[in-house]
Every structure is written in C-alpha cells, then in structure tokens.
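Student: sharing a model prediction with you, sequence too.
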Amino acid sequence: MMTDELSKNAQKVQEVLSGMGLECHVVELADSTRTAQEAADAIGCEVAQIAKSLIFRGKETDKGILVIASGVNRVHEKRLGRLIGEKIGKADADFVRQQTGFPIGGVPPVGHVQPMLTIIDEDLLQYEEIWAAAGTPHAVFKLTPQHLQEMTGGQVATVK
Ligand code: 5CA
C-alpha cells in the first residue's frame, strides 16, 4: 500500500536519488519499516536483503561512520575499528540525527547533512535487489548493490 504523496523526509530522499540520475522510487508503506525485520515483512523480502544504514562514532575524532549492513548481520565493532584505524563506539539518537538529518529507523544510505566515511557489507552484493530506508520509519526504496556502491562511494568490506 503506498500513499500518493511522500512525506517531507521521504521527498527529500527521493530528490537526492533523482538528482543522482537514479531510477529509484521511494515508497511509503502503511506498515512500519523501522527495523530490518519489520521492513522485510512490510516489503515481502528476506531480512538479509534489507540494507540497514547504521551510524557509528569514532572515539578519537568524534567523526560519524556509516555502515550499510545486511539486515541479518551484526556489525563487529572491533573489526570495523581495525578497518578504519580508530576505535569506534555506538552513536546515540542525537548523534545520528545530527550527522544524518534523519531519525533512527529511517536513516537512508545517502542524502546526509554530513558526508561520512562509508563501509558496505559485502554480504549485500549477492542479491539482485536490496531495499534501503528512505528518511522515515515507513519509507523505503529498492536498488541494486551496484547502485548502492555508486551512490555512496562506499568501501566494500567484511563487517560481521
Ligand atoms: N528502516 C529500517 C530498515 S530499512 C532501519 O532503519 N533499520 S536499521 O537497522 O538501519 O535502523 C535501526 C538501527 O538503529 C538499529 O539497528 C540500531 O543500530 C539503531 N538504533 C536503534 N535504537 C537506537 C538507539 N536508541 N540509539 C542508537 N541507535 C539505535
């Protein structure tokens, strides 16, 4: 079930995608897409096909780090720290909002107020189609892993 008009945040994400010349369409669903499990249930896809955009925080530099992970994977923080050369911690809701401009549960892979170092979970590359959040806990869009790499310039790595 999609609504005709997108909410403000979802519209913002749609504009970013269109501005990049991508044929991606944001859809707003009646059901919650706040978590990867809820998003998969609402869409009717595997949880592993959900590209969850997670924000971490560099403990020394205080920089935001974006990890786009498969919905089934838990990010191994020590491994991620070794990869980027800095110890990392979890971001709280305020930090997420400050870095991305979006609320937890709706953080998209692109269109953030602060461009961030981006890591892409290699496990996402095996799927023909994946789904990402689009600005609200009810908005998502479908894309390919190739599109995800192009739009974010992210580094593909093992994150789990
Ligand atoms: N819309 C869905 C899938 S498209 C979504 O955004 N899923 S998510 O997994 O990327 O976003 C939820 C994530 O936000 C959780 O995995 C968790 O890492 C983070 N999170 C949830 N609650 C909090 C909180 N209170 N503080 C910090 N991070 C949180």
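Tutor: All right, it came through fine. Residues are numbered from 1 along each chain as shown.

Student: this structure: helices as residue ranges?
Tutor: Residue ranges of the helices in the chain, as given by DSSP state H, are 8-19, 36-43, 77-84, 93-100, 145-152.

Student: between those, which one is nearest to residue 65?
Tutor: Of all those, it is helix 77-84 that lies closest to residue 65, at 6.4 Å by Cβ to Cβ. C-beta: built from backbone N, CA, C; applies to glycine.

Student: residues contacting the closest one, please?
Tutor: By Cβ atoms under 8 Å, 6 or more residues apart in numbering, the list of residues contacting helix 77-84 from outside reads 56, 58, 65, 67, 87-90, 117, 119, 157-160.

Student: and these, which is closest to residue 7?
Tutor: Nearest to residue 7, judged by Cβ to Cβ, of those is residue 67 at 25.5 Å.

Student: which ones are touching the closest one?
Tutor: 53-56, 75, 80, 118-119, 121, 159.

Student: pLDDT added to those residues, as a markdown table?
Tutor: Converted to a markdown table, the contacts of residue 67 look like this (pLDDT from 0 to 100):
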| residue | pLDDT |
| --- | --- |
| 53 | 98 |
| 54 | 98 |
| 55 | 98 |
| 56 | 98 |
| 75 | 98 |
| 80 | 97 |
| 118 | 98 |
| 119 | 98 |
| 121 | 98 |
| 159 | 97 |
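
Student: what about the ligand: which of the residues you listed touch it?
Tutor: With Cβ under 6 Å from any ligand atom as the criterion, those include 53-54 near the ligand.

Student: buried among the contacts of residue 67? Need that as a selection in ChimeraX.
Tutor: Selection of buried members from the contacts of residue 67 for ChimeraX, criterion 16 or more other Cβ atoms under 10 Å:
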select :53,54,55,56,75,80,118,119,121,159
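
Student: tell me the buried residues within the contacts of helix 77-84.
Tutor: Buried subset of those (neighbour count, 16+ other Cβ under 10 Å): 56, 58, 65, 67, 88, 117, 119, 159.

Student: quick one: which two of these are the most distant?
Tutor: Using Cβ to Cβ, the buried ones among the contacts of helix 77-84 reach their maximum pairwise distance at 58 and 159, which is 15.8 Å.

Student: which elements pack onto the longest strand anywhere in the chain?
Tutor: The residue-count maximum for a strand in the chain (DSSP state E) belongs to strand 50-58. Using 3 or more Cβ pairs under 8 Å, 6 or more residues apart in numbering; DSSP states H and E, the elements in contact with strand 50-58 are helix 36-43, strand 64-70, helix 77-84, strand 88-90, helix 93-100, strand 130-133.
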